[in-house]
Every structure is written in structure tokens, then in C-alpha cells.
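Trainee: Turn this into a structure:
(one chain, ligands or ions: 2)
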Amino acid sequence: MKSLKILTLNPGSTSTKIAVYSGELVLISETIKHQSEELDQFDTIFDQMELRKHTILECLSAANIEIDSLDMVIGRGGLLKPISSGIYEVNEDMLYDLVHGDLQHASNLGASIAHEIAKTSTKGIKAYIADPVVVDEMSEIAKLTGHPNFKRRSIFHALNHKAVARHYAGITKKPYDQMNLIIAHMGGGVSVGAHQNGKVVDVNQALDGEGPVSPERSGSLPAGDLIRAAFSGKYSEAEMLKMVVGHGGMVAYLGTNDAYKIEQLAEKGDESAIQFYELMAYQVSKEIGSLATIFAGSVDAIILTGGLAKSDYLVDKIKARVSFLSKVEVFPGEDEMYALAMNGIWLNQGILQLQTYKGRGEKESVNG
Ligand SMILES: Nc1ncnc2c1ncn2[C@@H]1O[C@H](COP(=O)(O)OP(=O)(O)OP(=O)(O)O)[C@@H](O)[C@H]1O
Ligand SMILES: CCCC(=O)O
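Mentor: Numbering: from 1, shown residues only. Ligands and ions are numbered 1, 2, ... in the order given. This is a model prediction of the structure:
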């Protein structure tokens, strides 16, 4: 049988990743970095669309890959309404909600660019998204907060969480839906999720909400102090939001989102760098420990993944704190492009059922 040829694309805050697969085999894989000056000229995420699409088309053309040779296009999904894990065909509701939603993130461009590219194929190929950041499998109790006006939202690195969980299930030959896993994705943002029998029943809102500190995000902040700062007259709304995501965490403490650079300083004895790594390890460990209560301590494995899981320095500090709970497995980096391609392959093989996104309309505001 002929292998499926799949274009996968992943617009991130500082880069656009593109890969073309023939079945599971990668034909091309590129990460195009966007300098902040390049992106700063645009007011909204959607204003970046032409630039990003052009970048992708140039990559395809440089590799002599015709759009007509593709069988499907799969983009990383964005901030849609909460949906189940799986693969979705891009539709009008989805395109509408991505433009009109209350939160913006570069991944909102994934569906639109995939759709635009698929449209130009004379073969009538389709565009899809898979496991977007809004995959919501949270238990009802996990969504409640201490005030009825505020509900917690499931926004996390669902694509990598699910891919790593299935990969681990494959290695251990134990079905994903029969395990209790705690997975910590540690990248530009950090999400720590409790996977109970194949569902992420609790996870910190990793975009601008809560959880451990990360290279560019503050994670949870003291609510009262945050409100007082917001009303102090010192900051605009945009500045306050930047404090939480973009200019929080390591950027706020040390002026960079490059954890690798900070780790090298820490290893040379730099006190501020050491303190920041201690803080990250402490907060990620504490999050893992708190999720262990969901399973009453019965955890099959704790899995560390994302770019920061390449750091033995950080991984060892976390292991030292959480190993008493369960074994700790490390899957450094992320392979979101491969995960996207696999979703397409599983769809084609009938292992996954195609889901339909139903949305449209203004999102309810997060809170209040
Ligand atoms: N070997 C390493 N040691 C320490 N830190 C590393 C190493 N390699 C990458 N990192 C750090 O990992 C972070 C980026 O991780 P990753 O690539 O998973 O994030 P991202 O894709 O930009 O964001 P996100 O995962 O939130 O979508 C950066 O801070 C980078 O410096
Ligand atoms: C959790 C939102 C997605 C991301 O940080 O990449």
C-alpha cells in the first residue's frame, strides 16, 4: 500500500515548524525561527498569517514538494472551545472561533494555514488539526475553584502529553487507558497533568493561568497581590498579561527564556541561575506531588518531557524530590510533528475516528 504523504505544520510563538512525512518516514523537517522584530510589526496573531504561510510554501518549494503530491495537511490546533482528544477536520466553525476567541496564541494559525494550503490542491485534499491545546478531559471537581465565578480551564501541551503517554504505553505494553501517569511537559511553558485511565483529569492551565514557573511564564501568582498590581495604575492590561506570559518566569528573573544558557551559568556557580533552577525544580515537583493525591498515591510512572527534560541538572533535582512516589521516566524534547503525522496515519487506518468541531460564537469569558 502506498504511504500517506502528510504535511504537518506547527506555528509557535517564536518559530514555524514544518515537516513532510511519507508514512512514518520524515522527508523534510524545518524550524524557521522568527525574530521578535519580525513579529512585532504585526498587531494580531492573524496578521502574521501571510508571512508564516509564505515561509511554509518556500520550504516546500525548496524541497521540490508539490502540494498536489500531498494526501493531507495537519496543523497544530489552537485555542478553540474545549474539545475531546483526537483528530478534527478543519471546518468553518473552527476557523471562526480561532479568530474570535478570547485568547490568542500562534497555534491559532495552524488550522487556517492548513486549510489555505489544502484548498490549493487540485486533488481536493483535506486539512485537519489534532490534539489542540484545549483538549479537555478534566474531571468536574478539578474545574471548580474556591469561588463560583471562576472555573479552571484545560489548556496544556496536549499533543505532546498524549504522544508521550501512548509511546510509554507501547514500551511497557500496558494499555494507556489502564494506567495512572503524571506527565510534566517542561518547555517555554510548563504543564503537569494527571492521566487517569487515558484521560487528563487534571492539569494546570499552562498558558496564562497557573502551575509552576517556566522559562517565559510566571505560573501561579498570589491573587490579592496580582489584583492590587492590576489596579495600582502602574501597569496597562497588556503589561500585566505580559508579566504572566511572555515576560514572566525566567525572563522576569534573568532576562532570557533560554534555559540552556542559564543552566551553563548555574554549573559555573552563578547564584541567581542556581536559585532559579532550584525554584523550577521545587515548583514542578510540588505540582507532581499534588497530582499524586488524585491517584491516592498509586502512580504507574512520572514522565518528564519537553525541551527542559534534556537538562540532567533539572531532571536530577526533580527526581530527588518525587522518586518516592513512583518510577520517573524521561523523554527529552518533544516530537509534535511526528505526533501530528501519526494522528493522520491512525485516521487513515481507522484506529482513530474523525471528530467534528462544533463551536462558533464568542467564547464565554474565562472567568466571571
Ligand atoms: N539541553 C538543554 N538543557 C537545558 N535546557 C534546554 C536544553 N535544550 C533546550 N532547553 C530549553 O528548553 C526550552 C524550550 O523547550 P521547548 O522547545 O520544549 O519549548 P517550546 O516548544 O518553545 O515551548 P512549549 O514547549 O511551551 O510549546 C528553552 O528554554 C531551552 O533553552
Ligand atoms: C499551553 C499552551 C501551549 C504552549 O505553551 O505551547
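
Trainee: Would you mind listing the residues in contact with the residue of the stretch 51-200 of the chain found nearest ligand 2?
Mentor: Nearest residue of the stretch 51-200 of the chain to ligand 2, counting by C-beta to the nearest ligand atom: Gly189, 3.5 Å away. To be clear about C-beta, it is placed using only N, CA and C from the backbone, and glycine gets the same treatment. Applying C-beta atoms under 8 Å, 6 or more residues apart in numbering to Gly189 gives the contacts 157, 206-207, 214, 216-217, 245.

Trainee: Could I get the phi/psi values of the closest residue to ligand 1 within the stretch 51-200 of the chain?
Mentor: Closest to ligand 1 within the stretch 51-200 of the chain is Gly187: 2.0 Å, counting by C-beta to the nearest ligand atom. Listed backbone geometry of Gly187 is phi -130, psi -140, with angles given as degrees, to the nearest 10.

Trainee: That one is in contact with His157, isn't it?
Mentor: Yes: using C-beta atoms under 8 Å, Gly187 makes contact with His157 at a distance of 6.9 Å.

Trainee: who's in contact with Val315?
Mentor: Counting by C-beta under 8 Å, 6+ apart, Val315 has contacts 304, 309, 330.

Trainee: how about the residues of this protein near ligand 1?
Mentor: Within the chain, the positions lying close to ligand 1 (C-beta under 6 Å from any ligand atom) are 12, 157, 187-189, 215, 257-260, 263, 306-308, 310-311, 334.

Trainee: Sitting in helices, which of those do you find?
Mentor: 259-260, 263 (DSSP state H).

Trainee: quick one on the thing from earlier: so how do I select the buried members of the contacts of Val315 in PyMOL?
Mentor: To isolate the buried ones among the contacts of Val315 in PyMOL, judged by 16 or more other C-beta atoms under 10 Å, type:
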select buried, resi 304+309
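
Trainee: a markdown table please, covering the contacts of Val315 and showing pLDDT.
Mentor: Below are the contacts of Val315 laid out as a markdown table (pLDDT from 0 to 100):
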| residue | pLDDT |
| --- | --- |
| Leu304 | 98 |
| Ala309 | 97 |
| Val330 | 98 |
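
Trainee: Give me the buried stretch members for the lengthiest helix in the chain, please.
Mentor: Longest helix of the chain, by residue count under DSSP H: helix 271-292. Neighbour counts over helix 271-292 (16+ other C-beta under 10 Å) mark 273-274, 276-277, 279-281, 283-285, 287-289, 291-292 as buried.

Trainee: In the lowest-mean-pLDDT helix or strand in the chain, which residues are buried?
Mentor: Using mean pLDDT, DSSP states H and E, helix 36-40 stands out as the lowest-scoring helix or strand of the chain, at a mean of 74. Buried residues in helix 36-40, counting neighbours by 16+ other C-beta under 10 Å, are found at Leu39.

Trainee: So what touches it?
Mentor: 14, 48, 51.

Trainee: Smallest gap between the stretch 251-368 of the chain and ligand 2, at which residue?
Mentor: Glu336 (9.1 Å).

Trainee: Show me which of Gly187 and His157 is the more surrounded one.
Mentor: His157 (28 against 22; other C-beta atoms under 10 Å).

Trainee: Which helix or which strand is home to the closest residue to the more buried one other than its chain neighbours?
Mentor: Of all residues not flanking His157 in the chain, His185 sits nearest, at 4.2 Å (C-beta to C-beta, 6 or more residues apart in numbering). Element membership for His185 (DSSP states H and E) is strand 180-186.

Trainee: Direction included, what does that strand pair against?
Mentor: Strand 180-186 pairs in its sheet with strand 190-196 (antiparallel), strand 301-306 (parallel), by DSSP bridges.

Trainee: Show me what the following helix or strand past the longest one is packed against.
Mentor: As assigned by DSSP H and E, the chain's next helix or strand after strand 190-196 is strand 199-203. For strand 199-203, the contact count by 3 or more C-beta pairs under 8 Å, 6 or more residues apart in numbering; DSSP states H and E identifies helix 158-172, strand 190-196 as packing neighbours.

Trainee: Can you say which of these is packed in most?
Mentor: Burial of those is given as mean neighbour count (mean count of other C-beta atoms under 10 Å); strand 190-196 ranks first at a mean of 27.

Trainee: got the angle for that strand vs helix 271-292?
Mentor: Per axes from the mean of the first three to the mean of the last three C-alpha atoms, to 10 degrees, the angle that strand 190-196 makes with helix 271-292 is 20 degrees.

Trainee: How far off centre is strand 190-196?
Mentor: Centroid separation between strand 190-196 and its chain, computed with C-alpha atoms, centre = their mean, to the nearest Å, is 12 Å.

Trainee: now the angle from that strand to strand 199-203?
Mentor: Strand 190-196 runs at 140 degrees relative to strand 199-203, counting by the same axes, to 10 degrees.

Trainee: May I have strand 190-196 exported as PDB, CA atoms only?
Mentor: Presented in PDB, the C-alpha positions along strand 190-196 are these (Å, rounded to 0.1, in the frame of the first residue of the first chain):
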ATOM      1  CA  VAL A 190       5.100  24.000  31.800                       C
ATOM      2  CA  SER A 191       2.100  21.700  32.100                       C
ATOM      3  CA  VAL A 192       1.800  18.900  34.600                       C
ATOM      4  CA  GLY A 193      -1.100  16.600  34.000                       C
ATOM      5  CA  ALA A 194      -2.700  13.600  35.800                       C
ATOM      6  CA  HIS A 195      -3.500  10.900  33.100                       C
ATOM      7  CA  GLN A 196      -6.100   8.600  34.700                       C
END
